[in-house]
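A.B. asks: Sequence first, then the predicted structure, then my questions.
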Amino acid sequence: YYSGGQYLRAVECYTMSVDQERTAVASANRAMALLKLGEHERAEEDATSALEIDPSYLKALQRRSTARREQGKLLEAMEDCESALRLTPQSQALRGDRRALAKAYRDAEGLEPLKTEATVTIAKDARAAQKTKERGEEVEPEEDAGPPAAARSE
């Protein structure tokens, strides 16, 4: 029913499944159908139920993050997104979700993004090292030059 867009009927079927035997998959699937129906609180409850059974169930983390975001629980949504990223750190979709959640939180709180010289330098160095590794070259460790120039006191 879910793939046919019959989300209410899908919720009913997943409910029958959960009533027979509560599993992480059935709870997370019902959470997804509830998200499609805009029932974000119930979706959060089902995703939480799935995570009580299987704390590392990626889809449950993603669905709870979405439910929390839709309810304006941005910090909790970011926590779920971070947990999901720990399970699949290579996921570009999750990284994009994390950036979007961080921006939404900053906007809601009237905060500016943090950018320091050290952060930018570290990020550039990490990207350069990754490109060097991708080309199959050895990465030479750099000597510690101390803090960035802006942080040094004369």
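C.D. replies: Nice, I can see it.

A.B. asks: roughly how far out does stretch 17-27 sit from the chain middle?
C.D. replies: A distance of 24 Å separates the centroid of the chain from that of stretch 17-27, by C-alpha atoms, centre = their mean, to the nearest Å.

A.B. asks: what do you get for stretch 33-43?
C.D. replies: The chain centre lies 18 Å from the centre of stretch 33-43; the measure is C-alpha atoms, centre = their mean.

A.B. asks: and that stretch, which residues are buried?
C.D. replies: Buried positions in stretch 33-43, judged by neighbour count with 16 or more other C-beta atoms under 10 Å: 33, 34, 35, 36, 39, 40, 42, 43. The C-beta positions use only the backbone N, C-alpha and C, and glycine is treated the same way.

A.B. asks: Please, which helix or strand holds residue 28?
C.D. replies: helix 24-36 (DSSP states H and E).

A.B. asks: Could you do residue 90 as well?
C.D. replies: Counting by DSSP H and E, residue 90 is part of no helix or strand.

A.B. asks: Alpha carbons of the helix holding residue 28, in CSV - could you do that?
C.D. replies: Extracted C-alpha coordinates of helix 24-36, given in CSV (Å, rounded to 0.1, in the frame of the first residue of the first chain):
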residue,chain,number,x,y,z
ALA,A,24,12.1,-2.3,14.5
VAL,A,25,11.3,-2.7,10.8
ALA,A,26,7.5,-2.6,11.2
SER,A,27,7.7,0.4,13.6
ALA,A,28,10.0,2.3,11.3
ASN,A,29,7.9,1.6,8.3
ARG,A,30,4.8,2.8,10.1
ALA,A,31,6.8,5.9,11.0
MET,A,32,7.5,6.6,7.4
ALA,A,33,3.8,6.2,6.4
LEU,A,34,2.9,8.5,9.3
LEU,A,35,5.4,11.1,8.0
LYS,A,36,3.7,11.0,4.6
